[in-house]
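Enquirer: sequence and predicted structure are below.
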Amino acid sequence: MARNHFAIEPPGRIRISIPGYSPEDNLKEQAKRRSEKRKRQQRRDEAAAAEARKRQEAAARERLQQSQSPPLAGDDDVEALSRAASQAEEAFSRDLAAAFSDPKEVRHANE
């Protein structure tokens, strides 16, 4: 058993032969299942990371677009701006007409 009388070797494996049963095949099948499970988990992790990256990039694009575009005006804002513009235009038209009209007429208009 021992190579020399100072070496102590553990006992060998006990091998039992059962027809139709192969322990090596079972071990290989278990290793294959573990490998496939690891690969599936890795693919899920990579898909989740890619999805998170897509969401982050979309959020960054959205923030960039919002920072570059002017704020949107609502209907009330548009109406208020329209009224202010028409009032400014009327005042400008009056001042322009007064500047080019006869001074006597301006005096009468101011009275």
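Expert: It's in.

Enquirer: other SSEs contacting the host helix or strand of Leu64?
Expert: Assigned by DSSP states H and E, Leu64 falls within helix 23-68. Helix 23-68 sits against no helix or strand, with contacts defined as 3 or more CB pairs under 8 Å, 6 or more residues apart in numbering; DSSP states H and E. To be clear about C-beta, it is placed using only N, CA and C from the backbone, and glycine gets the same treatment.

Enquirer: could you chop the chain up by domain?
Expert: Domain ranges of the chain: 23-69, 72-111, per automatic domain parsing.

Enquirer: what about the helix holding Leu64, distance to the chain center?
Expert: The chain centroid and the centroid of helix 23-68 are separated by 16 Å under CA atoms, centre = their mean, to the nearest Å.

Enquirer: picking that back up, check the domains of the chain for me: which has the lowest mean pLDDT.
Expert: When these are compared by mean pLDDT, domain 72-111 comes last with a mean of 76.

Enquirer: redo the domains of the chain as TSV? Include mean neighbour count and distance to Ile16.
Expert: Output for the domains of the chain, formatted as TSV (neighbours: other CB atoms under 10 Å; distance: least, CB to CB, whole Å):
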stretch	mean neighbour count	distance to Ile16
domain 23-69	10	9
domain 72-111	10	80
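
Enquirer: out of the ones you listed, nearest to Arg15?
Expert: domain 23-69 (8.8 Å; CB to CB).

Enquirer: may I see the domains of the chain organised as JSON lines, with distance to Pro11 added?
Expert: What follows is the domains of the chain, written out as JSON lines (distance: least, CB to CB, whole Å):
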{"stretch": "domain 23-69", "distance to Pro11": "18"}
{"stretch": "domain 72-111", "distance to Pro11": "83"}
